[in-house]
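Undergrad: Make a model of this:
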Amino acid sequence: MIPFISPGATLGVMGGGQLGRMFVHAAQQMGYFVAVLDADPASPAGLVAQYHIQTDYLDEQGLAQLMQRTAAITTEFENVPARALVTLGAHRPVSPGGAAVAVCQDRLAEKAHFVRCGVPCAPHAAVERADQFAAVDEALFPGVLKTSRLGYDGKGQVRIATSAELEAAWTSLGQVPCVLEKMLPLAFEVSVIVARAASGRMVHFPVQHNLHRAGVLAVTQVPAPGVDEALAQQACAAAERIAESMGYVGVLCVEFFVLDDGSLVANEMAPRPHNSGHYSIDACDLSQFDLQVRAMTGAPLVEPRLHSPCVMLNLIGDLWFRDGDRERAPDWASVLELPGVHLHLYGKASARPGRKMGHLTVTAPTAAQAREVALQVAQRLGIEAF
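TA: Here you go, the predicted structure:
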């Protein structure tokens, strides 16, 4: 159990990206101070926190300073070294803990965990050495070869059609440990964000319908179109089972594939708030970041309520270069005149293609109205329709 940590205390977060920035805002709104550990002097979270510890994640002095300043610690980035969280956890409440984060950081460990929980995932095989190529089942092709560690937003993966392409694909990924996943007949993708307290209490957000482009989340719609009550209950129950079996404390996102036959397959999980949950800031009475603060401070977890149907659009750096090589901000005024538009920019100093610069959520009385306005936003900004 985590004893309740009252507002006025200082909370720590490992990582200084946009997820950390939104965590800082939520914590400060509730009356907490925040210390961010991130080496980047211009990190989005570090710029808005009360304290910014500018060191590497494994720097002993930085970790000691974070422990000294804070009453509890969380992470905003799945690739923060798990051993750093274990070190911190010996002195302060850390949620999620290092052991749970370690599972999420390794695709093979992650899939093994899904199997232990009775949650289906794609057929797969480990590809860690060249002498394993011959033993790979032909039934896994066509497939996707993914690095076991450090892959996100479509990075660290290669599609391969036949076993003859396996060696070249593995070499292109640096000959690091990988997992080969069979490509499945995908209808669409969904995700579930669950928050679990140290007491074991769990709450979750509605199922989110996600559209990815080039491996990066582009659009999230809630309520999720095409998801009936039975499928929603199945997804939420699976996500809670995964969190429960790890003894997880904090906010966890589980991403699923919905196949052409309507079945549900777990894809991956993130030990933190997730891009697909950003809509919750504007469309719910509690955001995923509010629940992150509550879980780590021992505050009561209350089931979040969706008060407005919504569509969330990711704002990628390519939008800043629509007119050529010169960086130019999109025409925000043209979209802010539309009803229900909520703009969130992450305070990043410069744009570049593929970089997440912000997101925009459209809320409306009905899902159809939210989608209609979101399509107008997309047209005005030059985002592909959905």
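Undergrad: Let me see the domain layout of the protein.
TA: 10-94, 123-182, 186-381 (automatic domain parsing).
Undergrad: Any idea which of these gets closest to C117?
TA: With C-beta to C-beta, the closest approach to C117 among these belongs to domain 186-381: 4.9 Å. (Each C-beta comes from the backbone N, C-alpha and C, glycine too.)
Undergrad: Now do the closest one, average pLDDT.
TA: When pLDDT is averaged over domain 186-381, the result is 97.
Undergrad: Now the residue nearest the centre of the chain: closest residue in space that isn't a chain neighbour?
TA: Among the residues of the chain, the one closest to the centroid is H274, at 2.8 Å (C-alpha atoms, centre = their mean). Excluding its sequence neighbours, the residue lying closest to H274 (C-beta to C-beta, 6 or more residues apart in numbering) is C253, at 3.5 Å.
Undergrad: secondary structure element for that neighbour?
TA: strand 250-259 (DSSP states H and E).
Undergrad: and P339, what does it touch?
TA: P339 makes contact with A364, V373, according to C-beta atoms under 8 Å, 6 or more residues apart in numbering.
Undergrad: my read: S263 touches V119, true?
TA: No - if you go by C-beta atoms under 8 Å, S263 and V119 don't touch, sitting 11.7 Å apart.
Undergrad: pLDDT score for the residue nearest to A109 when sequence neighbours are not counted?
TA: In space, and not counting its chain neighbours, A109 is closest to V103: 4.9 Å by C-beta to C-beta, 6+ apart. Per-residue pLDDT puts V103 at 95.
Undergrad: Could I get the pLDDT score of the residue lying farthest from the centre of the chain?
TA: Note on the chain: the largest C-alpha distance from the chain mean falls to A134, namely 34.9 Å (C-alpha atoms, centre = their mean). At A134, the model reports a pLDDT of 85.
Undergrad: again with D153
TA: Reported pLDDT for D153: 64.
Undergrad: can you check the one 10 residues further on too?
TA: At S163 the predicted local distance difference test score is 88.
Undergrad: What is the longest helix seen in the chain packed up against?
TA: The longest helix of the chain (DSSP state H) is helix 229-245. Helices and strands touching helix 229-245, by 3 or more C-beta pairs under 8 Å, 6 or more residues apart in numbering; DSSP states H and E, are helix 107-116, strand 186-196, strand 202-204, strand 250-259, strand 264-270.
Undergrad: helices or strands up against the very next helix or strand once past the third one?
TA: On the C-terminal side of strand 202-204, the closest following helix or strand by DSSP H and E is strand 208-213. In terms of contacts (3+ C-beta pairs under 8 Å, 6+ apart), strand 208-213 is packed against strand 186-196, strand 216-222.
Undergrad: Please name the bridge partners of C253.
TA: I193, A270 (DSSP bridges).
Undergrad: and it, what does it touch?
TA: Applying C-beta under 8 Å, 6+ apart to C253 gives the contacts S191, V192, I193, V194, M269, A270, R272, P273, H274, S276, G277.
Undergrad: In those, find the pair that's most separated.
TA: Distance extremes for the contacts of C253: the farthest pair is V192 and R272 at 14.2 Å, using C-beta to C-beta.
Undergrad: I figured Y32 was touching G12, is that so?
TA: No - Y32 lies out of contact with G12 (C-beta under 8 Å); the separation is 10.4 Å.
Undergrad: Which one's more surrounded, S263 and V119?
TA: V119 (22 against 15; other C-beta atoms under 10 Å).
Undergrad: measure that one to E240 for me?
TA: Per C-beta to C-beta, to the nearest Å, V119 is found 11 Å from E240.
Undergrad: One more: R305?
TA: Taking C-beta to C-beta, one finds R305 at 18 Å from E240.
Undergrad: More neighbours: the two, which one.
TA: The residue with more neighbours, out of R305 and E240, is E240; 20 against 11, by other C-beta under 10 Å.
Undergrad: Give the buried residues for stretch 18-28.
TA: Buried residues in stretch 18-28, counted by 16 or more other C-beta atoms under 10 Å: Q18, L19, G20, R21, M22, F23, V24, H25, A26, A27, Q28.
Undergrad: Stretch 127-141 too?
TA: For stretch 127-141, using 16+ other C-beta under 10 Å, the buried residues are V127, V136, L140, F141.
Undergrad: So for that stretch, first residue to last residue, what's the gap.
TA: For stretch 127-141, the first-to-last residue distance is 14 Å (C-alpha to C-alpha, to the nearest Å).
Undergrad: Same check on stretch 143-156?
TA: From its first residue to its last, stretch 143-156 covers 14 Å (C-alpha to C-alpha).
Undergrad: What residues sit buried inside it?
TA: For stretch 143-156, burial by neighbour count (16+ other C-beta under 10 Å) applies to G143, V144, L145, K146, T147, S148, G151, G156.
Undergrad: before we move on, what about stretch 88-95?
TA: L88, G89, P93, V94, S95.
Undergrad: what's that stretch in contact with?
TA: Identification of contacts with stretch 88-95 by C-beta under 8 Å, 6+ apart yields 2, 5, 12, 14, 63, 66-67, 70-74, 85, 97-98, 198, 249-250, 295-296, 298.
Undergrad: Same question for stretch 52-59.
TA: Counting by C-beta under 8 Å, 6+ apart, 14-16, 35-41, 43, 46, 61-63, 65-66, 69, 80-81, 83-84 sit against stretch 52-59.
Undergrad: again, only this time at 6 Å
TA: Applying C-beta atoms under 6 Å, 6 or more residues apart in numbering, the contact partners of stretch 52-59 are V36, L37, A39, P41, G46, G62, Q65, L66, V80, P81, A84.
Undergrad: can you check stretch 145-159 too?
TA: Stretch 145-159 has contacts (C-beta under 6 Å, 6+ apart) with 79, 105-108, 144, 160, 169, 173, 176-180, 214-216.
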